[in-house]
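Visitor: Sequence first, predicted coordinates after that:
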Amino acid sequence: MKQKKIPLRMCLGCKEMKPKRELIRVVKNNEGEISIDLVGKKPGRGAYICRSADCLEQAIKAKRLEKAFETTIDMDIYNILKNQLEENDE
């Protein structure tokens, strides 16, 4: 029996390849709106970040989300991501 392939994605913070399910997906849709996709089903261009505050900080510092989506990212998105990580830690 063939084992199912696990989809890997690169974290924008630590640049490591990790299973898609372990990462938080940030999406840019066709209208150019940026949102957090917790289910991984929203249509649009996706970028991934580990569920760790360190990776998020690295991604923010290096403006990696801006580079991935070729647009400026609202601080609200970063705040939502930070809140998401804090909820996961509890």
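Guide: All right, it came through fine.
Visitor: Using CSV, write out every CA atom in stretch 61-69.
Guide: As requested, the backbone C-alpha atoms of stretch 61-69 are provided in CSV (Å, rounded to 0.1, in the frame of the first residue of the first chain):
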residue,chain,number,x,y,z
LYS,A,61,11.1,42.1,10.4
ALA,A,62,12.2,40.9,7.0
LYS,A,63,8.9,41.9,5.4
ARG,A,64,8.5,38.4,4.0
LEU,A,65,4.7,38.6,3.8
GLU,A,66,5.0,41.9,1.8
LYS,A,67,7.5,40.2,-0.6
ALA,A,68,5.4,37.1,-1.0
PHE,A,69,2.2,39.0,-1.9
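Visitor: Can you tell me the SS state at the most centrally placed residue in the chain?
Guide: The geometric centre of the chain, computed from its C-alpha atoms, lies nearest to residue 48 (Cα atoms, centre = their mean), at 2.9 Å. Look at residue 48: counting by DSSP: H, G, I helix; E, B strand; the rest coil, its state is strand.
Visitor: Who are the contact partners of it?
Guide: Residues in contact with residue 48, defined by Cβ atoms under 8 Å, 6 or more residues apart in numbering, are 9-12, 18, 20, 23-26. No exception for glycine: its C-beta is placed from N, CA and C like everyone else's.
Visitor: hmm, 10 Å instead?
Guide: Residue 48 sits next to 8-13, 17-18, 20, 22-26, 37, 40, 55, 59, 68 when contact means Cβ atoms under 10 Å, 6 or more residues apart in numbering.
Visitor: ok, now how distant is it from residue 84?
Guide: 13 Å (Cβ to Cβ, to the nearest Å).
Visitor: so where is the chain shaky, pLDDT-wise?
Guide: 1, 88-90 (pLDDT under 70).
Visitor: thinking again about what came up before, any residues in contact with both of residue 48 and residue 84?
Guide: Joint contacts of residue 48 and residue 84 (Cβ under 10 Å, 6+ apart) are residue 24.
Visitor: Sketch out the helices for the protein, chain order is fine.
Guide: 53-61, 64-69, 75-89 (DSSP state H).
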